[in-house]
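In: show me the folded form of this:
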Amino acid sequence: MARAGVWYTDNITVENAVIEAPKNFRRCRGVNLQNVNFPNAAETLWSCDDVVLEHVSAKGDYFAMNSQNMELRDFQLVGNYSFDGVKNMEIHNARMLSKDAFWNSENVMVYDSFISGEYLGWNAKNLH
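Out: Here you go, the predicted model:
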């Protein structure tokens, strides 16, 4: 279990963990998370590059803002305003409950997923 945020870190892997700290993983590069639960993921994964999430669940608003080159598999999210400003992202087998998602995003591909939201993809380019 982690409580302090990881910022400005390159090439980090976290497996089989619960991370309870909000505002985690900021301005990181080479983030690999497997079997991770974020019960308080508010403002997590901001401005990160080269991110891989496998079997990750998160609860919190403003998840993954301004991040790029992301690959998500078996991802679950409950939180509003997710993925604002993301670029070059691919999502497989996700379940997302997010009021506003993918605003200002670019080059996002979503496969075999359930997404429930009120305003999805405003100002998005290449959102499929």
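In: out of the helices and strands in the protein, which is least certain?
Out: strand 119-120 (a mean of 89; mean pLDDT, DSSP states H and E).
In: so for residue 4, what's the pLDDT?
Out: For residue 4, the pLDDT comes out at 70.
In: count the residues that sit near the residue nearest to residue 85 when sequence neighbours are not counted.
Out: Leaving aside its sequence neighbours, residue 85 sits nearest to residue 66 (Cβ to Cβ, 6 or more residues apart in numbering; 4.1 Å). Using the backbone N, CA and C atoms, a C-beta is placed for each residue, glycine as well. The number of residues packed near residue 66 is 17, by other Cβ atoms under 10 Å.
In: if we can go back for a sec, distance from the least confident helix or strand of the chain to the middle of the chain?
Out: 16 Å (Cα atoms, centre = their mean, to the nearest Å).
In: next: stretch 110-121.
Out: On Cα atoms, centre = their mean, the centre of stretch 110-121 falls 13 Å from that of its chain.
In: run a quick neighbour tally on residue 29.
Out: What residue 29 shows, counting by other Cβ under 10 Å, is a neighbour count of 15.
In: what pairs with the least confident helix or strand of the chain, parallel or antiparallel?
Out: If you go by DSSP bridges, strand 119-120 pairs up with strand 100-101 (parallel).
In: I figured the residue nearest to residue 85 hits residue 46, correct?
Out: Yes. At 6.2 Å, residue 66 counts as touching residue 46 under the criterion of Cβ atoms under 8 Å.
In: next one, pLDDT for the residue positioned nearest the centre of the chain please.
Out: Geometric centre of the chain, nearest residue: residue 64, 4.2 Å, by Cα atoms, centre = their mean. Residue 64 carries a pLDDT value of 98.
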